[in-house]
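Novice: I'd like to go over a predicted model; first the sequence, then the structure.
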2 protein chains.
Amino acid sequence: MSRRSGVLEFAVLGLLRESPMHGYELRKRLNTSLGVFRAFSYGSLYPCLKTLVTNGWLIEESTGTAEDATAPAGRVVPSSSALGGRRAKIVYRLTPEGKERFEELLSHTGPDAWEDEHFGVRFAFFGQTSRDVRMRVLEGRRSRLEERLEKMRASLARTRERLDDYTLELQRHGMESVEREVRWLNELIESERAGREQRRPAEQDTSHDTGGLPRHRGSTRPDPSDDTAK
Amino acid sequence: MSRRSGVLEFAVLGLLRESPMHGYELRKRLNTSLGVFRAFSYGSLYPCLKTLVTNGWLIEESTGTAEDATAPAGRVVPSSSALGGRRAKIVYRLTPEGKERFEELLSHTGPDAWEDEHFGVRFAFFGQTSRDVRMRVLEGRRSRLEERLEKMRASLARTRERLDDYTLELQRHGMESVEREVRWLNELIESERAGREQRRPAEQDTSHDTGGLPRHRGSTRPDPSDDTAK
DNA sequence: AATTTCATGTAATTCGTTACATGATTCC
DNA sequence: GGAATCATGTAACGAATTACATGAAATT
C-alpha cells in the first residue's frame, strides 16, 4: 500500500505508459517533459520505482536495446549476447494493473489536482485525459488562482502605504504573473469548449480527443542565434 | 549552531528588524509580504523562533500592547495588569547579535541567492540591501534563468516532433514565463544602473538607497470586470 | 589511458506540513 | 452563551534532496 509520492508516481506511470524505459532515461524525460515545473533526482526516482514494482504496477525487464523500446518485446532475457545497440540495464514496463492505476489517477478530480505541485503534471498528461476531466482541472485551477488574486488584492489594499518600493514591486509582479496564468487558462478553456461544440453531442463517455489548442504563432521564437552554447 | 532553515530564518530576522512582533502576526506578514512565493505554517515558525532565541538572535518579551510595537519598550513585565489594547502573548525582538546576523545574511551572494526558493525573499528585503549586492543578486538570477532557457530550447529542439500538443503547450507557456521574468529583471537592472549613474561616484561602501524602480502604470489593473468570481 | 556519460542504488539529512492539543479573547 | 479568531505549541509524518558508493560503456 505505502502512500508513495503523488506527483512522482503519477509522472512515472504516465511516461511508462507511453513506452517502457529504464530509470536513467526516465529521469531525463521527467525533467524535460515536465519542464520547469518539477525536477527529480535518482534518490527519489529509484525508491519510487521499487515500490511501484512491489505494488504490481510495474515489472522489471532486463535489456532489449534502448532504441527498441516501442517494439513488441516479449520479455527478452539477455544473457549478455549479441545486441545491436547499447545495452540497457533495467527496463520498467507498465503492467495492466499499473495502467488501471494510472487511469484511476487520471480521472481523479480532487481539489489537489489544481494545486501548484500537481497541476503541471496533470496538464502534461492531458493528451491521455478525457475532456470533462480536463475541463474540471482547468476550471479548478482558474478559480484557485482567482481566489489567490482576491487575497492578494485585499492584503495589498490593507497594507499599501506601509510597504517599501521593492516589496510593492514584488507583489505587483507576483499578481501580474498570476493574472497572466488566468488569461492563459481562459484561452485553454475556451478552446476546449470550442472543441466540444464542434463534435456533435453523440455518446462516447470516455472520448479522448484534443479540441485543438489555440495555435500560438512563434513557438517562443525560432531562435536563430543559438550562440551561448556551453 | 543547528543549521535551521535558510529562508524562514532570513525572513523572520528581516521582518523583526522592522519591528518586534509575536508569532501569530509574524506568520501573517510572512504569508502576505513574501506573497505568492512562500507560505509557512506554525509548525515551522514556532520551532524556528525557538532556535533563533537559543542562538541569541532574538529575545522574548512579554506583552506591550500590539499597537505599541514601535515604542521604546524597555522590556515590560506585565503581571496581567491594566493594558490599553489587546494583550499580546510573546513578543520577539531582534538582539544586536540578531541584527548582525541578518546583515551578514543580507550580504551573502552565494549562488543559492538567486535560486527559486531564495530569490523572492531576497528581493523582498532589497530595501535593506546595499546596491552592489542587489545588482549581483539580480544579475545572478538573470543568468540562472537564461541558462535555464538555453536548456529548454535545446530539449525542445531535440524532441519537438515526439510531443503531443498539450506537452508542447506546457513547454511553450513555461518558456514564456521564464522569458517574461528575464524581461522584468532587465528592467530592474537597468533602473538600478540608472540610479547608480545619478549619484556621483563618491565613496560610501554600504550606501542604502533605492535607485528608483521603474514606475509601472496601472498597478495590476483597477480590475473593472470582476466577473468570473467564485 | 583518461575522462565523460551512462546506470543504479543507499543513508542521512533537510525542510516543511498536518493533525492534534490547548486555551484566551472578541464578536454577535 | 456560542462561534470565530487570536495565540502557542508538539509529535508524527511526508516528500524530496544531497552526498556517498559503485561500476560499466563510450568518447577523446
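Specialist: Good, I have the coordinates. Residues are numbered from 1 along each chain as shown, chains lettered A, B, ... in the order given.

Novice: from memory A:Leu58 sits against A:Leu94, does it?
Specialist: Yes: counting by CB atoms under 8 Å, A:Leu58 touches A:Leu94, with 6.3 Å between them. The C-beta positions use only the backbone N, C-alpha and C, and glycine is treated the same way.

Novice: Could you tell me which residues touch both of the two?
Specialist: Taking CB atoms under 8 Å, 6 or more residues apart in numbering or on different chains as the contact rule, A:Leu58 and A:Leu94 both touch A:Leu16.

Novice: Sketch out the low-pLDDT regions of chain A for me.
Specialist: Along chain A, segments meeting pLDDT under 70 span A:1-5, A:64-88, A:197-212, A:215-230.

Novice: what about 90?
Specialist: A:1-6, A:31-39, A:62-89, A:108-112, A:117, A:150-164, A:195-230 (pLDDT under 90).

Novice: now the strands: where do they sit in it?
Specialist: A:21-22, A:58-62, A:90-94 (DSSP state E).

Novice: In TSV, list those along with distance to DNA strand C.
Specialist: Formatted as TSV, these follow (distance: least, CB to the nearest atom of the strand, whole Å):
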stretch	distance to DNA strand C
strand A:21-22	4
strand A:58-62	8
strand A:90-94	4
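
Novice: Out of those, which gets nearest to B:Arg162?
Specialist: strand A:21-22 (13.3 Å; CB to CB).

Novice: That closest one vs chain B: in contact?
Specialist: No: using CB under 8 Å from any CB of the partner chain, strand A:21-22 stays clear of chain B, with a minimum separation of 13.3 Å.

Novice: and that strand, which strands flank it?
Specialist: Strand A:21-22 pairs in its sheet with strand A:90-94 (antiparallel), by DSSP bridges.

Novice: Can you name the residues that contact A:Tyr166?
Specialist: Shown in contact with A:Tyr166 (CB under 8 Å, 6+ apart): B:123-127, B:210, B:213.

Novice: coming back round to it: want to throw the strands of chain A into a markdown table with mean neighbour count and distance to A:Val133?
Specialist: Shown next, in a markdown table, are the strands of chain A (neighbours: other CB atoms under 10 Å in any protein chain shown; distance: least, CB to CB, whole Å):
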| stretch | mean neighbour count | distance to A:Val133 |
| --- | --- | --- |
| strand A:21-22 | 20 | 25 |
| strand A:58-62 | 18 | 24 |
| strand A:90-94 | 21 | 20 |
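
Novice: now the ones you listed as JSON lines including distance to A:Met135?
Specialist: Putting those into JSON lines (distance: least, CB to CB, whole Å) gives the following:
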{"stretch": "strand A:21-22", "distance to A:Met135": "30"}
{"stretch": "strand A:58-62", "distance to A:Met135": "30"}
{"stretch": "strand A:90-94", "distance to A:Met135": "26"}
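
Novice: show me where chain A has helices.
Specialist: For chain A, applying DSSP state H gives helices covering A:6-18, A:23-33, A:42-54, A:96-107, A:116-124, A:131-159, A:165-198.

Novice: and the second one, how far out from the chain's middle?
Specialist: Centroid separation between helix A:23-33 and its chain, computed with CA atoms, centre = their mean, to the nearest Å, is 12 Å.

Novice: Repeat that for the shortest one.
Specialist: A distance of 5 Å separates the centroid of the chain from that of helix A:116-124, by CA atoms, centre = their mean.

Novice: ok, it near chain B or not?
Specialist: Yes: Helix A:116-124 reaches chain B (CB under 8 Å from any CB) through A:120, A:123-124.

Novice: With respect to B:Leu105, which of those residues is nearest?
Specialist: Lowest distance from B:Leu105 to the residues of helix A:116-124 next to chain B (CB to CB) belongs to A:Gly120, with 31.2 Å.

Novice: who's in contact with A:Val178?
Specialist: When contacts are counted by CB under 8 Å, 6+ apart, A:Val178 touches A:145, A:148-149, A:152, B:36.

Novice: can we see that at 10 Å?
Specialist: Contact partners of A:Val178, counting by CB atoms under 10 Å, 6 or more residues apart in numbering or on different chains, are A:145-146, A:148-149, A:152, B:35-36, B:220.

Novice: Look at A:Asp164 and say how many residues are nearby.
Specialist: Neighbour count of A:Asp164, defined by other CB atoms under 10 Å in any protein chain shown: 15.

Novice: The residue lying closest to it once chain neighbours are set aside and A:Thr167, how far apart?
Specialist: Leaving aside its chain neighbours, A:Asp164 sits nearest to B:Gly127 (4.0 Å; criterion: CB to CB, 6 or more residues apart in numbering or on different chains). Going from B:Gly127 to A:Thr167 by CB to CB, to the nearest Å gives 7 Å.

Novice: circling back: let me know whether the residue nearest to A:Asp164 touches A:Asp165 as I believe.
Specialist: Yes: shown here, B:Gly127 and A:Asp165 form a contact pair, counting by CB atoms under 10 Å, at 7.2 Å.

Novice: what sits against the residue positioned nearest the centre of chain A?
Specialist: Residue closest to the average C-alpha location in chain A (CA atoms, centre = their mean): A:Val121, at 2.3 Å. With contact set as CB under 10 Å, 6+ apart, A:Val121 has these partners: A:6-8, A:10-11, A:14, A:30, A:33-34, A:37-38, A:113, B:170.

Novice: Mind putting those residues into JSON lines with distance to A:Ser62?
Specialist: Formatted as JSON lines, the contacts of A:Val121 follow (distance: CB to CB, whole Å):
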{"residue": "A:Gly6", "distance to A:Ser62": "29"}
{"residue": "A:Val7", "distance to A:Ser62": "28"}
{"residue": "A:Leu8", "distance to A:Ser62": "23"}
{"residue": "A:Phe10", "distance to A:Ser62": "26"}
{"residue": "A:Ala11", "distance to A:Ser62": "24"}
{"residue": "A:Gly14", "distance to A:Ser62": "23"}
{"residue": "A:Leu30", "distance to A:Ser62": "22"}
{"residue": "A:Ser33", "distance to A:Ser62": "25"}
{"residue": "A:Leu34", "distance to A:Ser62": "27"}
{"residue": "A:Phe37", "distance to A:Ser62": "32"}
{"residue": "A:Arg38", "distance to A:Ser62": "29"}
{"residue": "A:Ala113", "distance to A:Ser62": "36"}
{"residue": "B:Leu170", "distance to A:Ser62": "33"}
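
Novice: Report the buried members of these.
Specialist: A:6-8, A:10-11, A:14, A:30, A:33-34, A:37-38, A:113, B:170 (16 or more other CB atoms under 10 Å in any protein chain shown).

Novice: between these, which is closest to A:Val137?
Specialist: Ranked by distance to A:Val137 (CB to CB), the buried ones among the contacts of A:Val121 are led by A:Ala113 at 5.3 Å.

Novice: so what are the domain limits for chain A?
Specialist: Per the record, chain A has its domains at A:6-69+A:87-123, A:131-198, by automatic domain parsing.

Novice: Go through these and name the closest to B:Thr54.
Specialist: Closest to B:Thr54 of these, according to CB to CB: domain A:131-198, at 29.1 Å.
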